[in-house]
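Undergrad: sequence and predicted structure, then a few things I'm wondering about:
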Amino acid sequence: MSVNPLFDLWHENDFFGIGDDDTRREQLLKAVGDLVKLFKKTPSQIRCYTLVALDAHVAEDSPLLVATYEVIKKHWPGAGGKFRGAMPRQTVRGVMLSALYERAAEDMTALKVLYYTASGYYHFADFGSEQPAIELLLEKFGSELEVHAVAEWSLEQTALTPQIEPFKLSGFKFGSAKVDNDKLRVEMTNSVQSLEIETAYRNTQEPSADWYENFGIKASAGITSAVETALQSFSQSLSTVSLEAEVNKFFGSVSKAITDTLAKSHQSLKAVERRSQLLWWKETLYSTTLRRSYRDLDAALLPAVMAVELAKLVPDTIPVSVDFLLTDTYRAVVGGKPEPQTLADLVAVFAVDENRAALRQSLPLVMTACAERTTLTAFLTQVLHQHAAPEQLQDRTGLRSDHPAAPDQLAVILLHDLLTDRLLASRL
């Protein structure tokens, strides 16, 4: 078993066509590793490889298929003889999908690109015996993306109070402040003796007022000297370096606690703002691009217009509830669940001259596209800007034009593709 469940499932079903040959298995795993390195270096390739790898009927001369086969033959020189010169399409696609799985498992951006792209393609393709492997990929990364999105969109439930540890001095020792009794005794004795001599000289029985004053002066000087010496000894025992370290450590923890609290507070504020914007969008049903109510637009234009405008309100990571918000809002505008159509019907809308003026204000002129396979959204922009014809749908996307589809389903696919395009643009 490898650390790649999709590779193992593909191998267990003998889709690689290598039986139980452990040597061939290790060679294919090395080819997977090479593709993972490519995806790390060039994230935009994740989308292109996903579109090719999911298509069981992709042409055998597909450039990405050929390039991946060359990577396999680098580690398995005899692959050409094994497959008698033919393109082992299922073997190569298995290596592609395994590399995509591995890269998505270690990088959140790769996961988003893979999931958004694959989930849009999944609804219009028949995977046959490969269905469990494709579902494994979508279920794993769909659930991980949902957990990540829910956390990003969540509101803090507890009171946001900085958790500050009490200030403690550890490993910090004080010296003793001890008065030198011997020295103090000498000083006091000297002061008394000097005054006794003075009294005897004056030959008086009772000390004069001056005697008391002089005794206070001399005695206090001795006491002061002893105390100052003790305090000086004590101060020399203090280490300002260790004290400074403890103080800096404490204020460093205070700063971190406040920063963490502010970060959580900011996340909650962003979540509130996002939710408010989505509710406002759903309530107003107003197109900021066309400056008209959605209810006044041709229903055929709504999937594209609504998806584009919703994409502007959300970050790159969205929970599945946003998809449902989009479909429910569409249905609220058109008055119920739309009748099923075919992909050809949905694409034809983008080739109608009277629709182009409105849609061109919404959809961009250029999207991140792949040379041999493109997303449905990118193809629609090509049709819209007259760079492709509706009849080229299957050639450009690999999707059958007669496959059942619904307008609200198209809106979700457009939303995911637009978010993916934004992700890829930020990584270029």
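TA: Nice, I can see it. Residues are numbered from 1 along each chain as shown.

Undergrad: only C-alpha atoms from now on, for both contacts and neighbour counts.
TA: Will do.

Undergrad: return the helix or strand in the chain with minimum mean pLDDT.
TA: The weakest-scoring helix or strand in the chain, judged by mean pLDDT, DSSP states H and E, is helix 181-202 (a mean of 60).

Undergrad: helix or strand for Ser98, which one?
TA: helix 89-106 (DSSP states H and E).

Undergrad: and that helix, how far from the chain's centre?
TA: In terms of C-alpha atoms, centre = their mean, to the nearest Å, the centre of helix 89-106 is set 22 Å apart from its chain centre.

Undergrad: what angle do the helix or strand following that helix and helix 89-106 make?
TA: Helices and strands here follow DSSP H and E; after helix 89-106, the next one along the chain is helix 108-122. Orientation check (axes from the mean of the first three to the mean of the last three C-alpha atoms, to 10 degrees): helix 108-122 against helix 89-106 gives 140 degrees.

Undergrad: next, the angle from the helix or strand following helix 108-122 to helix 89-106.
TA: Next along the chain after helix 108-122, taking DSSP H and E as the criterion, comes helix 131-153. With the same axes, to 10 degrees defining the directions, helix 131-153 sits at 20 degrees from helix 89-106.

Undergrad: buried residues, helix 131-153. List them.
TA: Ala133, Ile134, Glu135, Leu137, Leu138, Phe141, Gly142, Leu145, Glu146, Ala149, Glu152, Trp153 (16 or more other C-alpha atoms under 10 Å).

Undergrad: now Ser98: how far from Val52?
TA: Computed as C-alpha to C-alpha, to the nearest Å, the Ser98 to Val52 distance reads 13 Å.

Undergrad: cool, His403 as well?
TA: His403 sits 19 Å away from Val52, going by C-alpha to C-alpha.

Undergrad: which one's more surrounded, these two?
TA: Val52 (25 against 13; other C-alpha atoms under 10 Å).

Undergrad: is that one in a helix, a strand, or coil?
TA: helix (DSSP: H, G, I helix; E, B strand; the rest coil).

Undergrad: pLDDT wise, what is it at?
TA: On the pLDDT scale, Val52 is placed at 94.

Undergrad: show me the contacts for it.
TA: Val58, Leu64, Leu65, Arg93, Arg373 (C-alpha atoms under 8 Å, 6 or more residues apart in numbering).

Undergrad: need the contact list for the nearest residue to the fourth one once chain neighbours are set aside.
TA: By that I understand Arg93. Leaving aside its chain neighbours, Arg93 sits nearest to Ala53 (4.9 Å; criterion: C-alpha to C-alpha, 6 or more residues apart in numbering). Ala53 sits next to Arg93, Gly94, Met96, Leu97 when contact means C-alpha under 8 Å, 6+ apart.

Undergrad: at 7 Å instead, please
TA: Arg93, Met96, Leu97 (C-alpha atoms under 7 Å, 6 or more residues apart in numbering).

Undergrad: what do you get for Thr377?
TA: Counted by C-alpha under 7 Å, 6+ apart, Thr377 has contacts Leu414, Asp417.

Undergrad: element containing it?
TA: Counting by DSSP H and E, Thr377 is part of helix 376-384.

Undergrad: give me the neighbour count for the residue nearest to Ala110 when sequence neighbours are not counted.
TA: In this structure, Ala110 finds its nearest non-sequential neighbour in Ala104, 4.9 Å apart by C-alpha to C-alpha, 6+ apart. For Ala104, the neighbour count with other C-alpha under 10 Å is 22.

Undergrad: isn't Ala104 up against Leu111?
TA: Yes: using C-alpha atoms under 7 Å, Ala104 is in contact with Leu111, at 4.1 Å.

Undergrad: got phi/psi on Arg360?
TA: With angles defined as degrees, to the nearest 10, Arg360 sits at phi -70, psi -20.

Undergrad: and it, how many neighbours?
TA: 15.

Undergrad: and it, what pLDDT?
TA: 86.

Undergrad: low-scoring stretches of the stretch 301-428 of the chain, by residue?
TA: Low-confidence segments of the stretch 301-428 of the chain (pLDDT under 70): 364-369, 427-428.

Undergrad: now with 80?
TA: 362-372, 426-428 (pLDDT under 80).

Undergrad: can you give me the helices in it?
TA: 302-311, 320-334, 343-348, 353-359, 376-384, 393-397, 407-427 (DSSP state H, counting those that start in this stretch).

Undergrad: right, and those - which one's nearest Thr117?
TA: Across the helices of the stretch 301-428 of the chain, Thr117 has its closest neighbour in helix 407-427 (6.7 Å, C-alpha to C-alpha).

Undergrad: packing partners for that closest one?
TA: Contacts of helix 407-427 with other secondary structure elements, assessed using 3 or more C-alpha pairs under 7 Å, 6 or more residues apart in numbering; DSSP states H and E, are made with helix 108-122, helix 302-311, helix 320-334.

Undergrad: so what's the gap between the second one and the chain middle?
TA: Centroid separation between helix 302-311 and its chain, computed with C-alpha atoms, centre = their mean, is 24 Å.

Undergrad: circling back to that earlier point, how far off centre is the helix holding Thr377?
TA: 29 Å.

Undergrad: could you pull out the buried residues of that helix?
TA: Leu376, Thr377, Ala378, Phe379, Leu380, Thr381, Gln382, Val383, Leu384.

Undergrad: what do you get for stretch 45-62?
TA: Under 16+ other C-alpha under 10 Å, the buried positions of stretch 45-62 are 45-56, 58.
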